[in-house]
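Chemist: mind looking at a prediction? Sequence and model below.
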2 protein chains.
Amino acid sequence: MKARIIITPKKAVLDPQGKTVQSALEHMGYRGVTGVHVGKYLEIDLAPDTDRETARQALNEAAHKFLSNPVIEDYRLEIE
Amino acid sequence: MKARIIITPKKAVLDPQGKTVQSALEHMGYRGVTGVHVGKYLEIDLAPDTDRETARQALNEAAHKFLSNPVIEDYRLEIE
């Protein structure tokens, strides 16, 4: 079983990494980009017998407490 | 239209960030985790009239040339 946590800067927060990638793409000669957001991606392998609800709770807690900064970042948790 | 690029360390490469997150989850008291991989996530907003094939080519080139390090990282490009 796998879980994914995707952490992105909130829309209202400056994203200098995103701006840098956007201008790099423009310098490459590609004009179709209107915005870039750069975030973190965590892929978490779970033991096969893991209880989905327990995993969801633990990972939500971890994402909120120390994986993301809730003041400036949003996160999304997916368990498959 | 949106594109996503997900960059993760190759499986054979040491991932100290992933190890740190894994041991943090264990310290939290959650034991179901068998591995963690930490990577980068890029969300790219494309102009609505963008040609999908051109975008795919440009973003593949960018991911290969400067967004990822192909020696130690894999990337995955999704356009929706």
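Modeler: Thanks, I have the structure now.

Chemist: residue A:30 contacts residue B:58, correct?
Modeler: Yes: if you go by C-beta atoms under 8 Å, residue A:30 and residue B:58 touch, sitting 4.0 Å apart. (Glycine included, C-beta is placed from N, CA and C.)

Chemist: by contact count, what packs against the longest strand along chain A?
Modeler: Counting by DSSP state E, the longest strand found in chain A is strand A:33-46. Judged by 3 or more C-beta pairs under 8 Å, 6 or more residues apart in numbering or on different chains; DSSP states H and E, the packing partners of strand A:33-46 are strand A:2-9, helix A:16-27, strand B:2-9, helix B:16-27, strand B:33-46.

Chemist: leaving out the residues flanking it, which one is nearest to residue A:4?
Modeler: residue A:78 (4.6 Å; C-beta to C-beta, 6 or more residues apart in numbering or on different chains).

Chemist: contact partners for the one you found?
Modeler: Listed by C-beta atoms under 8 Å, 6 or more residues apart in numbering or on different chains, the contact set of residue A:78 reads A:3-6.

Chemist: again, only this time at 10 Å
Modeler: For residue A:78, the contacting residues are A:2-6, A:56, A:59, by C-beta atoms under 10 Å, 6 or more residues apart in numbering or on different chains.

Chemist: partners of the helix or strand harbouring it, with directions?
Modeler: For residue A:78, the element it lies in under DSSP states H and E is strand A:73-79. Neighbouring strands of strand A:73-79 in its sheet, by DSSP bridges, are strand A:2-9 (antiparallel).

Chemist: distance from the longest strand of chain A to the middle of the chain?
Modeler: Computed by C-alpha atoms, centre = their mean, to the nearest Å, the chain-centroid distance of strand A:33-46 equals 4 Å.

Chemist: what does stretch A:44-58 give?
Modeler: Chain-centre distance of stretch A:44-58: 19 Å, with C-alpha atoms, centre = their mean.

Chemist: which of the residues in it are buried?
Modeler: Across stretch A:44-58, burial judged by 16 or more other C-beta atoms under 10 Å in any protein chain shown covers A:44-46, A:50, A:55, A:58.

Chemist: and what of stretch A:56-75?
Modeler: A:58-59, A:62-63, A:67-68, A:73, A:75.

Chemist: circling back to that earlier point, do you know the pLDDT at the residue nearest to residue A:4?
Modeler: Model confidence at residue A:78, given as pLDDT, is 96.

Chemist: distance of it from chain B?
Modeler: 12 Å (C-beta to the nearest C-beta, to the nearest Å).
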